[in-house]
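Asks: could you work out the structure for the sequence below:
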Amino acid sequence: MNTRTPRWGLVTIIAGTLLASCGAAPAATTGTNPVPAATAAPAAATDRYQVALVLGQMSDSFYTSMQCGAQEAANRLGNVDLVVQGPAKWDASLQTPIVNALVASQVDAIAIAVNDGKALYAPLKTANDAGIKVIGVDTKLEDSSFVVTNISSDNTALGVEAAKTLATLMGDKGTALTSAVPPGVSTVGERVQGFLDEMKNNHPNIKVVYLGVNPGDSIDAVVAAFNGSFTANPDLTGVFSVSNNESEAAATAIRGLPADMQQNIKVVSFDAGEALVEALKAGKLQALVAQKPAEMGAQAVESAVKALKGETVEKNIPTGGVGITADNVTTPEFSQFVYKSKC
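Replies: Residues are numbered from 1 along each chain as shown. Here you go, the predicted structure:
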């Protein structure tokens, strides 16, 4: 079994830089707090804007980092009142009423990581028809024709690089586990498809099996799914976990395996929450695909303000990613991309 730490091609597709500062904006609200009332005067008359950031899920370090970047940008611009809200879990039925409330409050712009690319279309189209600028961040609508811009990682390319890295770790043979492509979640679908295409086209001696989970499942449910997969596939030697939540569950499940099985299973994980970094340092995970959620949040606020001023905004804004291993995680160049649990 090849246990050499891989060299990451991901570093070559880094786009942009992460904003280091993460100060809180005084006007921001979080969770289910009431939305501040919109000012009576039009935003253009006062050159002040109320921008709402709707996270995919509260209490997830990826989205906390996104909030940090958005708050830093709002503070720096000085003319943005930032509202931050999101559902307690990944659930379109919980995210929809948040959007409806923001529309009723007449915010100037909504930047949102949609829980479902179909389910959020109608409420966001209503927002657009009401004159509210809509910004896609991280995930996106299936029909985003009216959206100002979509800001996200190149998830397909990152999925390809994850497959290459895992194949190297597995000695280019054996059985690998990943999630099936979920309906309605564009980012996860793209990274899984990139992974599958690379495995199919270039690694014929690796068999891919699927983890039966949904994006909104609890950690306990995902841990149970991993345990079931390990039992059903005793020859499994590789795992590609596609989200922060799933990666934490993978690390937990692997800790419960016999020592020899733990050593044989190599894991490449999407996202770089603090718990995953600790697992990486402990040798439970071999590589992390770190996105740039803080840059996404900052770009969302900046793009909203540009659109409100009538300036041109690119239809798609990529933010890239980096590969983090035990060898580079403690260096400033890479440690800056570890997700934050608070701003």
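Asks: from the contact counts, what lies against the helix or strand containing residue 247?
Replies: Using DSSP states H and E, residue 247 sits in helix 244-255. Counting contacts by 3 or more Cβ pairs under 8 Å, 6 or more residues apart in numbering; DSSP states H and E, helix 244-255 packs against helix 219-232, strand 236-241, strand 266-270, helix 274-281. The way it works is simple: take the backbone N, C-alpha and C, and place the C-beta from them, glycine included.
Asks: adding mean pLDDT, distance to residue 142 and mean neighbour count as columns, could you present the ones you listed in CSV?
Replies: As requested, the helices and strands packed on helix 244-255 are exported to CSV (pLDDT from 0 to 100; distance: least, Cβ to Cβ, whole Å; neighbours: other Cβ atoms under 10 Å):
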stretch, mean pLDDT, distance to residue 142, mean neighbour count
helix 219-232, 92, 25, 16
strand 236-241, 94, 24, 25
strand 266-270, 92, 21, 27
helix 274-281, 90, 29, 18
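Asks: tell me which of the ones you listed sits nearest to residue 125.
Replies: strand 266-270 (29.8 Å; Cβ to Cβ).
Asks: give the pairing partners of the closest one; include direction for each.
Replies: strand 236-241 (parallel), strand 287-290 (parallel) (DSSP bridges).
Asks: can you give the contact residues for the shortest one?
Replies: Counting by Cβ atoms under 8 Å, 6 or more residues apart in numbering, strand 287-290 makes contact with 5-6, 8, 10, 158, 161-162, 165, 169, 247, 267-272, 276-277, 280, 321-325, 329, 334, 337-339, all of which sit outside it.
Asks: which of the residues you listed are buried, as a PyMOL select command?
Replies: With 16 or more other Cβ atoms under 10 Å as the criterion, this PyMOL line picks the buried residues out of the contacts of strand 287-290:
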select buried, resi 6+8+10+158+161+162+165+169+247+267+268+269+270+271+272+276+277+280+321+322+323+324+325+329+334+337+338+339
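Asks: domain boundaries for the protein, per the record?
Replies: Residue ranges for the domains of the chain, per automatic domain parsing: 17-152+293-319, 154-290.
Asks: residues touching the residue lying closest to residue 221 once chain neighbours are set aside, list them.
Replies: In space, and not counting its chain neighbours, residue 221 is closest to residue 213: 6.9 Å by Cβ to Cβ, 6 or more residues apart in numbering. By Cβ under 8 Å, 6+ apart, residue 213 lies in contact with 179, 221-222, 225, 246.
Asks: shouldn't residue 213 be within a strand?
Replies: No - counting by DSSP: H, G, I helix; E, B strand; the rest coil, residue 213 falls outside a strand, being coil.
Asks: quick revisit: as a markdown table, the contacts of residue 213 with distance to residue 88 would be great.
Replies: Formatted as a markdown table, the contacts of residue 213 follow (distance: Cβ to Cβ, whole Å):
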| residue | distance to residue 88 |
| --- | --- |
| 179 | 22 |
| 221 | 16 |
| 222 | 17 |
| 225 | 21 |
| 246 | 18 |
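Asks: looking at these, which one is closest to residue 68?
Replies: residue 246 (22.5 Å).
Asks: state the distance from the residue nearest to that closest one when sequence neighbours are not counted to residue 236.
Replies: Nearest residue to residue 246, sequence neighbours excluded (Cβ to Cβ, 6+ apart): residue 222, at 5.7 Å. Separation of residue 222 from residue 236 (Cβ to Cβ, to the nearest Å) stands at 16 Å.
Asks: for the contacts of residue 213, work out which two are farthest apart.
Replies: The widest separation within the contacts of residue 213 (Cβ to Cβ) is 13.1 Å, between 179 and 221.
Asks: any idea how many residues pack against residue 282?
Replies: 11 (other Cβ atoms under 10 Å).
Asks: could you shift the numbering so residue one becomes 25, and keep it that way?
Replies: With 25 as the first residue, the last one maps to residue 306.
Asks: next, it: phi, psi?
Replies: In terms of degrees, to the nearest 10, the main-chain angles of residue 306 are phi -80, psi 0.
Asks: any idea how far residue 269 is from it?
Replies: 19 Å.
Asks: ok, and the closest non-adjacent residue to residue 221?
Replies: Per Cβ to Cβ, 6+ apart, closest to residue 221 is residue 184, 7.0 Å.
Asks: distance of the one you found relative to residue 316?
Replies: On the measure of Cβ to Cβ, residue 184 and residue 316 end up 18 Å apart.
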